[in-house]
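Enquirer: Okay, here's the prediction I keep looking at, along with the sequence it came from:
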Amino acid sequence: MSSEERVYFECTSNKLDVAVQRERWFGAVWVYKNGIRRPLEYWFEDSEDKVYEQWQKSRYYGYCNVLFTPYPIDQVYNIVREQQIKHMAAAISKYLDESGDN
């Protein structure tokens, strides 16, 4: 990470974890540069404490600015969700392509 980049951490509750299809706590570390947020690492957990534990184990702990406002973490969550949707769509498409060959 360059010295121009700012690294942030934040967490929030009630975000859909597509892996288990229910709402959970979501926490993320991201870089903010030139008006763009880029997730570096994120976690879904059943409690706020568990999210903080994951962050404390991460390589970014100690290098982050901690935020306490919902707007940035909501944006980061939306970026993560878009990535998840793209991965799911690609997996479904691959499955359909493979099953069509039979």
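Expert: Now that the structure is in, tell me what you want to look at.
Enquirer: From the contact counts, what lies against the helix or strand that Ile73 is a member of?
Expert: Element membership for Ile73 (DSSP states H and E) is helix 70-100. Packing partners of helix 70-100 (3 or more C-beta pairs under 8 Å, 6 or more residues apart in numbering; DSSP states H and E): strand 6-17, strand 22-33, strand 36-45. Using the backbone N, CA and C atoms, a C-beta is placed for each residue, glycine as well.
Enquirer: mind putting these in TSV, distance to Glu53, mean neighbour count and mean pLDDT included?
Expert: Shown next, in TSV, are the helices and strands packed on helix 70-100 (distance: least, C-beta to C-beta, whole Å; neighbours: other C-beta atoms under 10 Å; pLDDT from 0 to 100):
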stretch	distance to Glu53	mean neighbour count	mean pLDDT
strand 6-17	11	17	94
strand 22-33	10	19	95
strand 36-45	8	17	95
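Enquirer: Adding distance to Cys64 as columns, could you present the ones you listed in a markdown table?
Expert: Listed next are the helices and strands packed on helix 70-100 as a markdown table, based on distance: least, C-beta to C-beta, whole Å:
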| stretch | distance to Cys64 |
| --- | --- |
| strand 6-17 | 4 |
| strand 22-33 | 6 |
| strand 36-45 | 10 |
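Enquirer: Tell me which residues touch Val51, please.
Expert: Contacts here follow C-beta atoms under 8 Å, 6 or more residues apart in numbering; on that basis Val51 touches Cys11, Trp25, Phe26, Gly27, Trp43, Glu45.
Enquirer: Chain neighbours aside, what residue packs nearest to Cys11?
Expert: Spatially, and ignoring its direct neighbours in sequence, Cys11 is nearest to Gly27 (3.5 Å; C-beta to C-beta, 6 or more residues apart in numbering).
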